[in-house]
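Novice: What shape does this take:
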Amino acid sequence: YPAGAVPELLLVRGAEAILVANNEKGFAEADVRALCDVGRSTKARQAGYIGQKGIGFKSVFRVTEAPQIHSNGFSVAFDTARNG
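Specialist: Predicted coordinates for the structure are as follows:
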């Protein structure tokens, strides 16, 4: 988190989507790349983080076929129905 920030999490349920937002520092390019590959986590050996095998985010596909991420100017969309 940025210095002095109090962690916040916002969940908004809509008819077609669920929005999850927080005030973390956001993604860097390496974080976006890590989402696309198992075992490429940027969290390895960093105190204060859980997960590091690259499978945590992939579990989101159990509840949606088309997750999206918008962070620090990065916009990433996955669509398993379109891409198999």
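Novice: Residues touching the helix or strand bottoming out on mean pLDDT in the chain, excluding its own?
Specialist: Ranked by mean pLDDT, DSSP states H and E, the weakest helix or strand in the chain is helix 80-83, scoring a mean of 76. The contact list for helix 80-83 (CB atoms under 8 Å, 6 or more residues apart in numbering) reads 61, 65-66. C-beta here means a position set from N, CA and C on the backbone, and glycine is covered the same way.
Novice: Now the residues you listed in CSV, please, with extra columns for neighbour count and pLDDT.
Specialist: As requested, the contacts of helix 80-83 are exported to CSV (neighbours: other CB atoms under 10 Å; pLDDT from 0 to 100):
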residue, neighbour count, pLDDT
F61, 12, 85
E65, 11, 88
A66, 13, 90
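Novice: which one among the residues you listed gets closest to L19?
Specialist: A66 (13.7 Å; CB to CB).
Novice: So that closest one, which state does it fall into?
Specialist: At A66 the chain is in coil, as set by DSSP: H, G, I helix; E, B strand; the rest coil.
Novice: isn't it right next to V60, touching?
Specialist: No - assessed by CB atoms under 8 Å, A66 is found out of contact with V60, at 10.1 Å.
Novice: Are we agreed that V60 is in a strand?
Specialist: No - assignment of V60 by three-state DSSP gives helix, placing it outside any strand.
Novice: Use 11 as the first number for this chain going forward.
Specialist: Taking 11 as the first residue, the last one we looked at is V70.
Novice: Run through this protein and note the low-pLDDT ranges.
Specialist: Under the criterion pLDDT under 70, the flagged ranges of the chain are 48-65, 93-94.
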